[in-house]
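Asker: Structure, please.
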Amino acid sequence: MATYTIRVNERTKAGRGLITYLRTLGVIEEPNDVTMRAVAEIESGKGIRCNTFEEYLQAVQ
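Answerer: As a prediction, this is how the structure comes out:
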């Protein structure tokens with residue numbers, strides 16, 4: 001089985017149509033609820049920013 005990577009501009013009508021079609025075929029999987037909540041959390045600014053891995057470890061303890 002081969003894997004192909006393509007870039008689709010979802011801002012165009014053709015791009016949105018292609019993405020919708022691929023979703024109906026099951027080629028593109030929708031993210032689950034946990035992923036969507038994590039993305040919303042980051043977009044709202046609730047995430048933490050660290051410069052090093054050590055800073056991250058201190059922040060999550």
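Asker: quick check, distance from the helix ranked longest in the chain to the centre of its chain.
Answerer: For the chain, the helix with the greatest residue count under DSSP state H is helix 13-25. Relative to the centre of its chain, helix 13-25 is centred 17 Å away, using CA atoms, centre = their mean, to the nearest Å.
Asker: and what of stretch 48-61?
Answerer: That offset, for stretch 48-61, works out to 22 Å (CA atoms, centre = their mean).
Asker: What distance do you get for Glu55 to Ile42?
Answerer: According to CB to CB, to the nearest Å, Glu55 stands 17 Å off from Ile42. Where you see a C-beta, it was placed from the backbone N, CA and C, and this is true even at glycine.
Asker: And Ile48, by the same measure?
Answerer: Separation of Ile48 from Ile42 (CB to CB): 10 Å.
Asker: cool, Pro31 as well?
Answerer: Between Pro31 and Ile42 the computed distance is 13 Å (CB to CB).
Asker: Can you spell out the domain ranges of the protein, please?
Answerer: Per the record, the chain has its domains at 1-30, 31-61, by automatic domain parsing.
Asker: Mean neighbour count and mean pLDDT for those - can I get that in TSV?
Answerer: Below are the domains of the chain laid out as TSV (neighbours: other CB atoms under 10 Å; pLDDT from 0 to 100):
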stretch	mean neighbour count	mean pLDDT
domain 1-30	9	92
domain 31-61	10	92
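Asker: re earlier: contact partners of the longest helix of the chain?
Answerer: With contact meaning CB atoms under 8 Å, 6 or more residues apart in numbering, helix 13-25 is reached by 8-10, 28, 30.
Asker: Kindly reformat those as TSV containing distance to Arg37 and secondary structure.
Answerer: Formatted as TSV, the contacts of helix 13-25 follow (distance: CB to CB, whole Å; DSSP: H, G, I helix; E, B strand; the rest coil):
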residue	distance to Arg37	secondary structure
Val8	25	coil
Asn9	27	coil
Glu10	22	coil
Ile28	20	coil
Glu30	14	coil
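Asker: Now distance to Val60 too, for the residues you listed, in JSON lines please.
Answerer: Output for those, formatted as JSON lines (distance: CB to CB, whole Å):
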{"residue": "Val8", "distance to Val60": "35"}
{"residue": "Asn9", "distance to Val60": "37"}
{"residue": "Glu10", "distance to Val60": "33"}
{"residue": "Ile28", "distance to Val60": "32"}
{"residue": "Glu30", "distance to Val60": "28"}
